[in-house]
Structure formats: structure tokens, C-alpha cells
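Chemist: here is my input, please return the structure:
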Amino acid sequence: MPAVGLLFALLVLSTSCEQENYEPIYNTASGGGTLTTYKAYTLASTDGKNIYGRVVFYKYNTSVTLVEVGLYNTATGTSYSSSIFQGKLSTASTTSLKTLDTINGATGIFSSNKYFTINEAGFYDKLSTYDANVKIMQGTTLVASGNIGVNAMPVAQS
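Modeler: Below is the predicted model of the structure:
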């Protein structure tokens with residue numbers, strides 16, 4: 001009988017306590033989640049597969065630059081390497097300055113994160129004087145590329 005009394009007391013206590021349901025807050029703090037300073041450059045197709053897109057550099061703060069790549073006509077099940085190379089595309093430089101993330105062929109964006117992070121003080125501020133280009137490779141085949149920095153005007157910026 002004492003077990004039945006204990007069970008009844010627990011039942012009364014658990015049903016008499018009302019829990020208030022709070023609605024989730026979906027908004028962010030003023031300016032939160034927004035990157036407003038950026039420079040975008042075109043990545044043009046270099047082979048018959050018509051893979052093209054953009055590379056965008058965002059100023060996160062004075063020591064962090066975020067890089068985002070978006071490609072069209074990539075192939076599902078294929079991965080593409082991406083890097084920043086020294087000089088103009090026309091010089092065919094093989095000197096890689098920064099290796100970026102792998103691009104997922106199913107989505108046309110970086111495989112592991114939306115942004116690749118460059119942790120280098122002043123990188124974004126020096127971008128317009130940077131003598132470089134971006135290359136997208138499928139194995140050893142160049143599929144898309146574009147000049148950046150001093151070698152090209154951004155197609156969009158803010």
C-alpha cells in the first residue's frame with residue numbers, strides 16, 4: 001500500500017506542475033550574422049565542362065578574411081581542389097600562395113565549411129594590391145580560374 005501512495009503522490013506532483021513553453025528567438029543581435037564588406041571575383045570555365053562561378057572575400061575583422069566559392073555545373077561524386085596562386089593567370093604560375101578547401105561537386109561549395117578562413121592580419125585590406133589568381137582543379141585538370149587583387153576588378157563589392 002505505501003508504494004501505491006508514493007506512486008499517487010508522484011502522479012499528482014508531476015501533473016500539477018505546469019511547464020511554460022517558450023518560443024524560440026530567431027533574430028540576431030544588431031548586425032549579427034551579417035558580413036557587409038566583401039569583394040567578389042569571377043571564376044571562368046577553362047575546359048569544355050562549363051564550370052564557372054565566383055570567389056568572394058569577406059572582411060570579418062582586421063585579422064580574419066573569409067573566403068567563399070560558389071561553382072555551377074560541377075559533377076556529383078567529384079571533388080575539386082582550390083588554391084590561390086601567385087601572379088596573373090597568363091603567367092601560368094605554379095607557386096601556390098594559399099591552399100583553400102576542397103569543393104564538393106554535388107553542391108559547388110566548400111566541402112567542410114561555408115567559408116575558408118585566412119588568419120592573416122591585413123589580408124583583406126591588402127587584397128586590392130595582391131598579385132594573384134584562383135584556380136579550381138579536378139585532379140590535374142584546370143576547370144575554372146580567375147584573377148584577383150591587382151589583376152582584376154571585383155565584379156561586386158561593398
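Chemist: so where do the strands sit in the protein?
Modeler: For the chain, the strands defined by DSSP state E occupy 38-45, 52-61, 64-72, 79-86, 96-99, 103-104, 116-118, 131-138, 141-149, 156-157.
Chemist: now do the fourth one against strand 52-61, angle only.
Modeler: In this structure, strand 79-86 runs at an angle of 60 degrees to strand 52-61, with axes from the mean of the first three to the mean of the last three CA atoms, to 10 degrees as the basis.
Chemist: looking at the protein, which helix or strand does the model trust least?
Modeler: Ranked by mean pLDDT, DSSP states H and E, the weakest helix or strand in the chain is helix 2-16, scoring a mean of 59.
Chemist: list the contacts of the most centrally placed residue in the chain.
Modeler: Geometric centre of the chain, nearest residue: Y115, 2.3 Å, by CA atoms, centre = their mean. Neighbour list for Y115: Y58, L66, V67, E68 [criterion: CB atoms under 8 Å, 6 or more residues apart in numbering]. C-betas here are computed from N, CA, C, even on glycine.
Chemist: circling back: could you dump the strands of the chain into JSON lines with mean pLDDT and distance to D125 added?
Modeler: Below are the strands of the chain laid out as JSON lines (pLDDT from 0 to 100; distance: least, CB to CB, whole Å):
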{"stretch": "strand 38-45", "mean pLDDT": "97", "distance to D125": "11"}
{"stretch": "strand 52-61", "mean pLDDT": "96", "distance to D125": "8"}
{"stretch": "strand 64-72", "mean pLDDT": "96", "distance to D125": "9"}
{"stretch": "strand 79-86", "mean pLDDT": "97", "distance to D125": "16"}
{"stretch": "strand 96-99", "mean pLDDT": "94", "distance to D125": "16"}
{"stretch": "strand 103-104", "mean pLDDT": "97", "distance to D125": "26"}
{"stretch": "strand 116-118", "mean pLDDT": "95", "distance to D125": "12"}
{"stretch": "strand 131-138", "mean pLDDT": "96", "distance to D125": "15"}
{"stretch": "strand 141-149", "mean pLDDT": "96", "distance to D125": "12"}
{"stretch": "strand 156-157", "mean pLDDT": "91", "distance to D125": "13"}
